[in-house]
Each structure stands twice: as C-alpha cells, then as structure tokens.
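Q: This is the structure alone, sequence omitted:
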C-alpha cells in the first residue's frame with residue numbers, strides 16, 4: 001500500500017510538472033506571436049508615415065516650386081541615408097529604396113553622388129527660374145501638380161514622385 005501511494009504521488013508530480021511545462025510553452029508561443037504582430041504593426045505604421053510624406057502631395061493643385069523642392073529634399077535625404085548613388089541593381093526586383101522625384105521630365109531627387117552644396121545650388125536655380133518668370137510676367141508663382149507617387153508592390157515604399165507644371 002505504501003508503494004502504491006508513493007507511485008500515485010510520483011504520477012501526480014509528473015502530471016503537474018507536465019501541466020506547468022505545457023503552460024509555459026503555450027505562454028511562450030502566445031507571447032511570441034503577439035510580439036511578432038506588434039512588430040509588424042509598428043513596421044506598417046512607420047511605412048505609412050514615410051509614404052505619407054510623399055503621397056500627401058498626390059493629386060493636389062496649387063503646389064509651388066517650394067513644395068516640389070520639399071519633396072525632392074525628402075527623397076535626397078532618403079537616398080543619402082541608404083547611401084544610394086542612383087537607381088540600383090535591385091530596381092527590377094522592386095527591392096530598391098531609392099526615390100526619384102521628377103519635375104517636367106527632369107530628375108531632381110538625388111542620391112549619394114552629389115554633395116549638398118551642388119544640390120542646394122540646383123534647387124536655388126529652380127526657385128530663381130520661377131521667380132524670374134514672375135518678375136517678367138507680373139504674375140504669381142508657377143503652379144505644379146503632383147501627378148503620381150508610385151509605390152513599389154514588393155517593398156510598399158514610394159519610389160517615384162512626378163510633378164508637372166499646371167497649365
């Protein structure tokens with residue numbers, strides 16, 4: 001009888017141990033899944049915030065050269081951050097984070113190959129061109145519209161923003 005009660009105690013101890021281990025594994029898996037979901041949500045929010053810097057201009061009328069240069073500066077900073085000189089070898093695979101800003105068929109978002117002074121000079125030239133046209137014609141600043149902000153299907157990031165002069 002004494003051996004039977006010890007055997008029952010051992011069996012009960014093993015069962016309780018298995019229950020505790022099972023609970024620990026269940027909690028580990030559940031918390032791991034929740035953590036992965038939270039990380040995905042945070043990444044999606046960051047991506048949405050990043051893209052909104054560019055897509056917020058899409059379809060807007062009455063943009064000026066200053067708005068265009070703001071978008072070009074954002075693109076240039078992105079390209080410098082990722083140390084891109086130009087559209088890279090992954091372009092066809094959609095894995096490239098390089099952003100191109102096009103104004104009247106001219107690329108004005110730059111990569112890592114130009115220094116800040118050159119870029120600022122080119123932006124200043126664009127502003128001066130618009131201001132000179134104002135002085136010549138006694139008119140307002142030229143108006144631009146953002147025709148599209150293209151988003152990559154694979155990365156979900158904006159990769160191209162196109163501005164055209166509004167006629």
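A: Arrived safely, thanks for sending. Just so we're clear, the structure is a prediction, and the values are computed from it rather than from any experiment. Numbers count the residues shown, from 1 in each chain.
Q: what's the span of stretch 47-65 from first residue to last?
A: Distance between the two ends of stretch 47-65: 26 Å, counting by Cα to Cα, to the nearest Å.
Q: neighbouring contacts of that stretch?
A: 67, 71, 74-75, 99, 126-127, 130, 141-149, 151, 156-158, 161, 163, 166 (Cβ atoms under 8 Å, 6 or more residues apart in numbering). Where C-beta positions appear, they are placed from N, C-alpha and C, glycine not excepted.
Q: Quick one, which of those are buried?
A: Buried members of these, counted by 16 or more other Cβ atoms under 10 Å: 67, 71, 74-75, 99, 126-127, 130, 142, 144-146, 149, 157-158, 161, 163.
Q: so of the contacts of stretch 47-65, which ones are in helices?
A: Counting by DSSP state H, those place 67, 71, 74-75, 126-127, 130 in helices.
Q: between these, which is nearest residue 30?
A: Closest approach between the ones in helices among the contacts of stretch 47-65 and residue 30, by Cβ to Cβ: residue 74, at 39.7 Å.
Q: and the gap between that closest one and residue 116?
A: 14 Å (Cβ to Cβ, to the nearest Å).
Q: In CSV: the ones in helices among the contacts of stretch 47-65, plus pLDDT and distance to residue 11.
A: Listed next are those as CSV, based on pLDDT from 0 to 100; distance: Cβ to Cβ, whole Å:
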residue, pLDDT, distance to residue 11
67, 89, 75
71, 90, 71
74, 89, 67
75, 87, 68
126, 80, 83
127, 81, 84
130, 78, 86
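Q: Could you tell me which helix of this structure is the longest one?
A: helix 2-55.
Q: Let me see the mean pLDDT of that one.
A: The pLDDT scores in helix 2-55 average 92.
Q: One more: stretch 99-109?
A: Mean predicted lDDT for stretch 99-109 stands at 80.
Q: Identify the bridge partners of residue 162.
A: With DSSP bridges as the criterion, residue 162 is bridged to residue 102, residue 148.
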